[in-house]
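> A predicted structure for the sequence below; I have some questions about it.
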Amino acid sequence: MDKVKGCIFNIPICGGFCAPTQSPEESWLRHFSNEYTLPLAGVFMRMSGCLESNSCCRRVGATGTQCGRANRRNLMIYSFWVSFLSWLLTFYAAGGLLMTPSVLKATAWSKGKILASTGIEEGQTWVGLHGRVDEVMGNYGSLMTPIGGGRYQRAVAFSDERSCLNKVISPSSGDSIGLLNAPGEMCAGCKKSATGTVTFVVMGLITQIPQMTTDLQRATRFGDVNCQATMGFVTSLWGMFSGLSSLISFSNSCWRHFPTKVSGLHGEVDFLWSAGPGFLCMLIATVLKLWDAFAHWSLPTPTVRQTPPPKEVHDLFDYMIRAGDQPDDSDIFSDADSSEDSN
């Protein structure tokens, strides 16, 4: 039974939330910042040479400010909520993965509107990550379904080889489901960029979870370690720059370079392109990672973590409880945030 419990307590992310921690922390944070919530807790001490006490991690852990040290609890709790908000925004943006018309229209990553020379709207399109939804006045090809008011709608998956035909839609081209009035090569570029962005969104949903738990792990001195400080800073910064790169690629491929003047059925028409709500949510979620990187950079680990532990320290709890052995770590488990730099 003890082995079963041990396996449960060492489940990544959530196993340590209910574990019988020996942490002296008395607040609710003891459930999210203890020896069991630490990643790879079961082998942490055996791998401490590469995970924790190597010079790189110790150097990153030592980086920080006195302000960050004094406001550890508030800083990391606030960072958790910022990360949680980013996660919710990413969830919303992930709606662009679905092909349900109502969902895709609400979470589109880009959208376009066709206006006739008279100013009358001829059609709209909403672009997601697996396809798009077209809405036009009249039946302009296959897959069209009436939605009332003389308007027709269709959902077109990028997997359909006809989704980027290099022709203008007309009533006579019943098999045409190309992107409304956009040249085929531009549609193909958008299709490639959108499908390539799928991995970025899915990974964003997954990696946001350890980012949130890292914020909580560092909220107490007992739970704070060099590897978490390093991972929190590096992954947040890398996630922001790689995410912005993907978003810039999508914007350039899926609306910024699309034509604004095109030939329609009744002469030249204006095509108005813009970012969709899904793209904007993902952009905000990505930029917010900068705050998390800054928070981890400004918070140093306890002084005792910044030197390799004595050889006789083999137990994980013994290693973590040493955070209170240094003069500048007195009153480390007090609920008062200001006590963290009282000495």
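Nice, I can see it. Residues are numbered from 1 along each chain as shown.
> Report how many residues lie close to the closest residue to residue 307 other than its chain neighbours.
Of all residues not flanking residue 307 in the chain, residue 58 sits nearest, at 7.3 Å (Cβ to Cβ, 6 or more residues apart in numbering). From N, CA and C alone the C-beta is placed, and that goes for glycine too. As a burial measure, residue 58 scores 19 neighbours (other Cβ atoms under 10 Å).
> Mind giving me the packing neighbours of the helix or strand residue 58 falls within?
For residue 58, the host element (DSSP states H and E) is helix 55-62. Packing partners of helix 55-62 (3 or more Cβ pairs under 8 Å, 6 or more residues apart in numbering; DSSP states H and E): helix 226-251.
> Buried residues, stretch 224-236. List them.
Judged by neighbour count (16 or more other Cβ atoms under 10 Å), stretch 224-236 contains these buried residues: 224, 225, 226, 227, 228, 229, 230, 231, 232, 233, 235, 236.
> Spit out the contact partners of the second one.
If a contact means Cβ atoms under 8 Å, 6 or more residues apart in numbering, then residue 225 has 38, 52, 61, 217, 301, 305, 320 as its contacts.
> Quickly name whichever of those is closest to residue 206.
Distance to residue 206, by Cβ to Cβ, is smallest for residue 217 among these, at 17.6 Å.
> returning to that earlier point: so which of the buried residues of stretch 224-236 is the closest to residue 123?
Closest to residue 123, out of all of those and judged by Cβ to Cβ, is residue 236, at 41.1 Å.
> Give me the pLDDT value at the nearest residue to residue 51 once chain neighbours are set aside.
Closest residue in space to residue 51, ignoring its immediate chain neighbours: residue 227 at 4.9 Å, by Cβ to Cβ, 6+ apart. Per-residue pLDDT puts residue 227 at 92.
> Correct me if wrong: the residue nearest to residue 307 contacts residue 303.
No: Residue 58 is beyond contact range of residue 303, at 11.0 Å (criterion: Cβ atoms under 8 Å).
> returning to what we had before: could you point out which of the contacts of residue 225 is nearest to residue 284?
residue 217 (24.7 Å).
> any idea which helix is longest in this protein?
helix 184-217 (DSSP state H).
> between that one and helix 226-251, how big is the angle?
For helix 184-217 against helix 226-251, the angle by axes from the mean of the first three to the mean of the last three Cα atoms, to 10 degrees is 160 degrees.
> Now do helix 184-217: distance to the chain's middle.
Its chain's C-alpha centre and that of helix 184-217 lie 7 Å apart, by Cα atoms, centre = their mean, to the nearest Å.
> before we move on, what about stretch 127-144?
29 Å.
> buried sites along it?
Quick answer for stretch 127-144 (16+ other Cβ under 10 Å): 127-136, 140-141, 144.
> mind listing what the residue nearest to residue 307 touches?
226, 305, 306, 307, 308.
> can you tell me which of those residues are in helices?
Under the assignment DSSP H, the contacts of residue 58 contribute residue 226 to helices.
> would JSON lines of the contacts of residue 58 with distance to residue 26 be doable?
Shown next, in JSON lines, are the contacts of residue 58 (distance: Cβ to Cβ, whole Å):
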{"residue": "226", "distance to residue 26": "25"}
{"residue": "305", "distance to residue 26": "22"}
{"residue": "306", "distance to residue 26": "26"}
{"residue": "307", "distance to residue 26": "28"}
{"residue": "308", "distance to residue 26": "30"}
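> Just the buried subset of the contacts of residue 58, please.
226, 305, 306.
> For the spatially closest residue to residue 204 that is not a sequence neighbour, which residues are in contact?
Leaving out its chain neighbours, the residue that sits closest to residue 204 by Cβ to Cβ, 6+ apart is residue 90, at 4.8 Å. Neighbour list for residue 90: 201, 204, 205, 208, 281, 282, 285 [criterion: Cβ under 8 Å, 6+ apart].
> any idea which helix or strand carries residue 90?
Per DSSP H and E, the secondary structure element for residue 90 is helix 72-93.
> Alpha carbons of that helix, as CSV, please.
This file holds the C-alpha atoms of helix 72-93, laid out as CSV (Å, rounded to 0.1, in the frame of the first residue of the first chain):
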residue,chain,number,x,y,z
ARG,A,72,8.2,36.1,-3.0
ARG,A,73,4.7,35.0,-2.0
ASN,A,74,2.7,37.8,-3.7
LEU,A,75,5.0,37.8,-6.7
MET,A,76,4.6,34.1,-7.5
ILE,A,77,0.9,33.9,-6.7
TYR,A,78,0.2,36.9,-9.0
SER,A,79,2.3,35.2,-11.6
PHE,A,80,0.2,32.1,-11.3
TRP,A,81,-3.0,34.0,-12.0
VAL,A,82,-1.3,35.7,-15.0
SER,A,83,-0.4,32.3,-16.3
PHE,A,84,-3.9,31.0,-15.6
LEU,A,85,-5.3,33.8,-17.6
SER,A,86,-2.9,33.0,-20.4
TRP,A,87,-4.2,29.4,-20.3
LEU,A,88,-7.8,30.5,-20.6
LEU,A,89,-6.9,32.8,-23.5
THR,A,90,-5.1,29.9,-25.2
PHE,A,91,-8.2,27.6,-24.7
TYR,A,92,-10.3,30.2,-26.4
ALA,A,93,-7.8,30.5,-29.3
